[in-house]
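> What follows is a predicted protein model with its sequence.
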Amino acid sequence: MFSKACEYALKIMIYLCTVQEEGKLAGLKDISNANGSPEAYTAKILQQLVKNGLLQSHRGPTGGFKVSDRPITLLEVVVAIDGESIVKDCVLGLRECSSARPCPVHDKFVAIRDHLKGVLNTTYLTDIKSGVIEGNRFLKL
């Protein structure tokens, strides 16, 4: 459903929320190991998340990354990495698909797309981190 980069970004953000719960920052190597993502790829994703204001980067020997001090939705993470196409674009990739000029599957997928956008926009990182902290939800199997 999402790109591999977006999947990693979601896992990174959830992981960082759990680390922050302990009052810590996490470095690139820790984040990469915790999420099973290659270090260079993780660095690019982190850079994108910082650029979009979802993460803060702190330099130095005790530095690392932390989630910005505001509520962040899953939709914000998805849009930062994959853009808005998953919640806006035609499922068949047509440029001019709309209610006035629908593609063959427009009516079937518009409800799914709107529901997905609603779920992503109303689910905050803080809503889902507790399952990982409690150990009954997993970021890496």
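That came through fine. Residues are numbered from 1 along each chain as shown.
> Output the below-cut-off pLDDT ranges for this protein.
131, 133-136, 139-141 (pLDDT under 70).
> Please, where are all the strands along it?
According to DSSP state E, the chain carries its strands in the segments 55-58, 64-67.
> starting at the chain centroid, how far to the last one?
Counting by C-alpha atoms, centre = their mean, to the nearest Å, strand 64-67 is centred 15 Å from the centre of its parent chain.
> Quick one: list the elements packing against that strand.
helix 4-21, helix 28-35, strand 55-58 (3 or more C-beta pairs under 8 Å, 6 or more residues apart in numbering; DSSP states H and E). Backbone N, C-alpha and C define where each C-beta goes, glycine included.
> May I see those organised as a markdown table, with distance to Glu96 added?
Formatted as a markdown table, the helices and strands packed on strand 64-67 follow (distance: least, C-beta to C-beta, whole Å):
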| stretch | distance to Glu96 |
| --- | --- |
| helix 4-21 | 26 |
| helix 28-35 | 38 |
| strand 55-58 | 36 |
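> Ok, which of those comes nearest Thr122?
Nearest of the helices and strands packed on strand 64-67 to Thr122, taken as C-beta to C-beta: helix 4-21 at 15.4 Å.
> Specify the angle between the closest one and helix 28-35 in degrees.
Using axes from the mean of the first three to the mean of the last three C-alpha atoms, to 10 degrees, the inter-axis angle of helix 4-21 relative to helix 28-35 is 110 degrees.
> List the buried residues for helix 4-21?
5-20 (16 or more other C-beta atoms under 10 Å).
> Which member of those residues is positioned nearest Arg113?
Cys6 (16.0 Å).
> who are the neighbours in contact with the closest one?
Cys6 makes contact with 77-78, 81-82, according to C-beta atoms under 8 Å, 6 or more residues apart in numbering.
> Likewise for Lys129?
14, 17-18, 21.
> Please repeat the previous calculation with a cut-off of 10 Å.
Lys129 makes contacts with 13-21, 67, 137, as judged by C-beta atoms under 10 Å, 6 or more residues apart in numbering.
> thinking again about what came up before, include mean neighbour count and distance to Ile112 when you put the strands of the chain into TSV, please.
Shown next, in TSV, are these (neighbours: other C-beta atoms under 10 Å; distance: least, C-beta to C-beta, whole Å):
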stretch	mean neighbour count	distance to Ile112
strand 55-58	16	30
strand 64-67	20	29
